[in-house]
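Chemist: I need the structure of the sequence given here:
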Amino acid sequence: MTIATQVSPSGRRSVLLNTFLGSFVAAMNISMLIIALPAIFDGIRVYPLSPLGFTSMIWLIVSYPLALAVAIPISGRLSDMYGRGKLFTIGFLVFTLSSLLLGLAQGSGEAAAAELIVFRIMQGAGGSFMFSNSPALIMDVYPPRDRGFALGIIGISFSAGSVIGLLVGGGLAVINWRLVFLINAVVGSIGTYWSYKVVYKLSPGSSSVKVDWGGAVLLAAALVSVLTALNLGMLPYGDQPLGWGNPLVWTLLAVGAALLALLVQVERRIKEPMLRLDLFKIRQFTFGVMSAFFLFLAQGANIFVLSILLQALYLPMHGVPYSETPLLAGIYLIPNSVANALFAPIGGRLVNRLGARLVSTAGAVIAATSFELLALLPIDFNYAVFAAILFMMGAGFGLFMSPNQVSILTPVPPKDRSAASGMRASMQNVGSLTSIVVFLSLIIIGTYSTLSAALMNALVKAGLQAATAGQLSSIPPAIALFAAFLGYDPISTLASLTHTSIPPQLLAELTKPSFFPTAIAPATINGFHYAYHVAALMAFTAAVLSLLRGRERLE
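Modeler: From the prediction side, this is the model:
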């Protein structure tokens, strides 16, 4: 008798709602942090665009997904051993406690920034047990005909959490930055108690599964090395806007690659390996995981690139003050989330009629097409057209996700589902992290040679002395773009960082919201178009890999 036949319909709904809440709070946690960053750094007395602040900001953003990527494969294997329901509940508890610690963090300056980063890593470790077990629990308690729809409902949680996180985070940050973390602790407490009541005893685990701790250490060390290198690549190095000239970056990449090669050799000789290479003998699993990896690589253009476009260029070009652009950008991106929420369960329903391969492939093609359509838009686009393309993009991602998860997990033996789900989720997180590095690099490389000159010419034309204009435009482009991303006026930021004095009347003119985007728009358009074309290529690659998954077994 399977678990699905033992759980009543009401019990299934309780499991679905609890896993929905876990995914919702995890997604909300990410978007709330982004919009609250200025308030958080103001609270700990660190200027986010100083050398310390910029480095701390990057690590605070990436520490949570980095911890997820590293911990998810390990948590999946532990869950197969000790029980998915039990470790899902423990993960919810760890997530809740670390949220509380973040909200109660003490001190200021470098020590406070380091404290927040450590607690974010703890939060990611707790979240890893939720991410690796949510789809596996759904597969356990729902019969095959209902799995696609149930996983589609889980997909809605990510879209809903992202949107609500922006709105709630924007409101709470104005009151007190600590509330941004404490609200997660409150929701997490409810989720932990509920999980203990309805999920804890499900899927008790298998005594035949053993944990390969040596493999776990090798895998963690390899991922930390590679992802740390990618993060360092985003930071300026010397007189360069990016860190790819830093020898440490390439050393860490080489170490990570060597550890991964060693891991593969070690895992082949172990009876119960941490890295389940044998799962890649399953065609559906292999091509499903790889297609998800490439689609999540493309997602950086969906989230990161579009946010910078709106906050640094489009909104201030239309007179919106920079302090208001983070929240308004989130509102402008809502069509994407709405479409994702609408089409995720539709994609799940279509699995039974059309098969996961066809639905997922169609979703990836739609997403790829939407990126190419974005590349046709000018900087000063018509928002109705932009919103329609966003809706199309969200529909593509929504159609892809739940059918792809069904296709990945169905052929995997039940005792290995958490490990399989963990490997899938880890690849997706690595893809998401890598995408931020790729697209930030593309934008900066595409604008580096022309942005400084364009800004200097605009400043001189506005009446600023050439020497002063040269000082302002000497700051790396990433700093100016991140200033806008955080809601700071770029010209005031550049003046502060270079200790430049600007006559008050001229400063008032230069800090009008429309000045900076109008000055740099011609120099930045190519960088954004490069990003969209690369995102489209990644999404089309995901479509090809999805199509190659072969004949499906969905029972």
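Chemist: Touching, Ile183 and Val168? I think so.
Modeler: Yes - Ile183 is in contact with Val168 according to C-beta atoms under 8 Å; the separation is 6.7 Å. Quick note: C-beta positions are derived from backbone N, CA and C, even for glycine.
Chemist: Quickly list what's touching both of the two.
Modeler: By C-beta atoms under 8 Å, 6 or more residues apart in numbering, Ile183 and Val168 have these common neighbours: Met32.
Chemist: part of a strand, is Ile34?
Modeler: No - Ile34 is assigned helix when assessed by DSSP: H, G, I helix; E, B strand; the rest coil, not a strand.
Chemist: Would you enumerate the residues in contact with it?
Modeler: By C-beta under 8 Å, 6+ apart, Ile34 lies in contact with 61, 166, 169, 326.
Chemist: Next one: it, what pLDDT does it get?
Modeler: Looking at Ile34, its pLDDT stands at 78.
Chemist: what does the one 4 residues further on give?
Modeler: Turning to Pro38, the model gives it a pLDDT of 82.
Chemist: list the buried ones in the helix or strand containing it?
Modeler: Using DSSP states H and E, Pro38 falls within helix 9-43. Of the residues in helix 9-43, those with enough neighbours to count as buried (16 or more other C-beta atoms under 10 Å) are 12, 14-41, 43.
Chemist: tell me how far it is from the chain's mean position?
Modeler: Offset of helix 9-43 from its chain centre (C-alpha atoms, centre = their mean, to the nearest Å): 13 Å.
Chemist: circling back to that earlier point, which one of the contacts of Ile34 is nearest Met456?
Modeler: Nearest to Met456 among these is Pro326, at 27.3 Å by C-beta to C-beta.
Chemist: contact partners of the helix or strand containing that closest one?
Modeler: Pro326 belongs to helix 325-332 when assigned by DSSP H and E. Taking contacts as C-beta under 8 Å, 6+ apart, the residues outside helix 325-332 that touch it are 31, 34-35, 163, 166-167, 170, 307, 310-311, 315-316, 320, 383, 386-387, 484-487.
Chemist: For that helix, list the C-alpha coordinates in PDB.
Modeler: The C-alpha coordinates for helix 325-332 follow below in PDB (Å, rounded to 0.1, in the frame of the first residue of the first chain):
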ATOM      1  CA  THR A 325      11.600  53.100  -7.700                       C
ATOM      2  CA  PRO A 326      12.300  49.800  -5.800                       C
ATOM      3  CA  LEU A 327       8.700  49.300  -4.700                       C
ATOM      4  CA  LEU A 328       7.200  50.600  -8.000                       C
ATOM      5  CA  ALA A 329       9.500  48.300 -10.000                       C
ATOM      6  CA  GLY A 330       8.100  45.400  -8.100                       C
ATOM      7  CA  ILE A 331       4.500  46.600  -8.900                       C
ATOM      8  CA  TYR A 332       5.400  47.000 -12.600                       C
END
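Chemist: Only the buried residues of that helix, if you could.
Modeler: Within helix 325-332, judged by 16+ other C-beta under 10 Å, the buried ones are 325-330, 332.
Chemist: follow-up on the earlier one: neighbour-wise, which one of the contacts of Ile34 leads?
Modeler: Neighbour counts for the contacts of Ile34 peak at Gly169, which has 28 neighbours (criterion: other C-beta atoms under 10 Å).
Chemist: Distance-wise, check that residue relative to Leu306.
Modeler: Distance of Gly169 to Leu306, given as C-beta to C-beta, to the nearest Å: 18 Å.
Chemist: Check Ala364 too.
Modeler: Plainly put, Ala364 is 18 Å away from Leu306 if you go by C-beta to C-beta.
Chemist: These two - which one has more neighbours?
Modeler: Ala364 (30 against 23).
Chemist: residues touching the closest residue to the more buried one other than its chain neighbours, list them.
Modeler: Spatial nearest neighbour of Ala364, chain neighbours left out: Ala543 (3.7 Å); criterion: C-beta to C-beta, 6 or more residues apart in numbering. By C-beta under 8 Å, 6+ apart, Ala543 lies in contact with 291, 361, 364-365, 368.
Chemist: just these now: which is nearest Phe515?
Modeler: For these, the minimum distance to Phe515 (C-beta to C-beta) is 35.6 Å, reached by Ala368.
Chemist: the strands in this structure, which residues?
Modeler: Assigned by DSSP state E, the chain shows no strands.
Chemist: Quick check: can you list the domain ranges of it?
Modeler: The record's domain split for the chain, according to automatic domain parsing, is 7-205, 446-528.
Chemist: now those as CSV including distance to Met392?
Modeler: Putting the domains of the chain into CSV (distance: least, C-beta to C-beta, whole Å) gives the following:
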stretch, distance to Met392
domain 7-205, 15
domain 446-528, 18
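Chemist: highest average neighbour count across these?
Modeler: Of all these, domain 7-205 carries the top mean neighbour count, a mean of 22, counting by mean count of other C-beta atoms under 10 Å.
Chemist: where does the stretch 351-500 of the chain have low pLDDT?
Modeler: Filtered on pLDDT under 70, the stretch 351-500 of the chain yields the residue ranges 448-449, 477-478.
Chemist: make it 50
Modeler: Scanning the stretch 351-500 of the chain for pLDDT under 50 picks out nothing.
Chemist: what's the answer for the stretch 201-350 of the chain, then?
Modeler: The stretch 201-350 of the chain contains no residues with pLDDT under 50.
Chemist: how about the helices in it?
Modeler: Applying DSSP state H, counting those that start in this stretch to the stretch 201-350 of the chain gives helices spanning 213-233, 247-268, 283-300, 306-308, 315-317, 325-332, 334-354.
Chemist: Which residues are in contact with Gly300?
Modeler: By C-beta under 8 Å, 6+ apart, Gly300 lies in contact with 432, 434-436, 438-439, 535.
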